[in-house]
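# how would this look folded up:
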Amino acid sequence: MKVEISELLPLFRNAFNNQDLSITEKSDRHSIAEWDSMGHLNLIVELEDNLNVSFTKDEIESIRSIKELMEILESK
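Predicted coordinates:
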């Protein structure tokens, strides 16, 4: 599944409850203040609900950046 940043942005904004959030492919857990452990769970739920995908435990643990997320989504 090919997903563009523009498709991910509203999902990140909803998951992190930050409508001013901007992301790039280089954004990661260190550059987004809301991307803590609870934010990560919110993000996974938001992605699964809106993109109709499921992540494995290993995939969930490996997502640390937008780039990694996009690579996982492309493999689905």
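
# Now stretch 60-73 - C-alpha only, CSV.
Written as CSV, here are the backbone C-alpha positions of stretch 60-73 (Å, rounded to 0.1, in the frame of the first residue of the first chain):
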residue,chain,number,x,y,z
ILE,A,60,4.5,-1.7,16.0
GLU,A,61,7.7,-1.9,17.9
SER,A,62,9.8,-1.0,14.8
ILE,A,63,8.0,2.2,13.8
ARG,A,64,10.1,5.0,15.0
SER,A,65,9.9,7.4,12.1
ILE,A,66,7.6,8.4,9.3
LYS,A,67,10.0,6.7,6.8
GLU,A,68,9.9,3.4,8.7
LEU,A,69,6.1,3.6,8.8
MET,A,70,5.9,4.3,5.1
GLU,A,71,8.1,1.3,4.4
ILE,A,72,6.0,-1.0,6.5
LEU,A,73,2.8,0.3,4.8
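
# ok now that stretch, how far from the chain's centre?
7 Å (CA atoms, centre = their mean, to the nearest Å).

# roughly how far apart are Asp49 and Gln19?
Distance, Asp49 to Gln19, using CB to CB, to the nearest Å: 18 Å. C-beta here means a position set from N, CA and C on the backbone, and glycine is covered the same way.

# scratch that, Lys57 is what I was asking about
Going from Lys57 to Gln19 by CB to CB gives 30 Å.

# Likewise for Glu71?
Applying CB to CB to Glu71 and Gln19 gives a distance of 27 Å.

# Just want to know which of these two has more residues nearby.
Set Glu71 next to Gln19 and count neighbours by other CB atoms under 10 Å: Glu71 wins out with 12 against 8.

# Stretch 56-73: which residues count as buried?
By 16 or more other CB atoms under 10 Å, the buried positions in stretch 56-73 come out as 59, 63, 65-66, 69-70, 72-73.

# With secondary structure as extra columns, can I get these in TSV?
Below are the buried residues of stretch 56-73 laid out as TSV (DSSP: H, G, I helix; E, B strand; the rest coil):
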residue	secondary structure
Glu59	helix
Ile63	coil
Ser65	strand
Ile66	helix
Leu69	helix
Met70	helix
Ile72	helix
Leu73	helix
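
# Out of those, the closest to Val3 would be?
Leu73 (4.8 Å; CB to CB).
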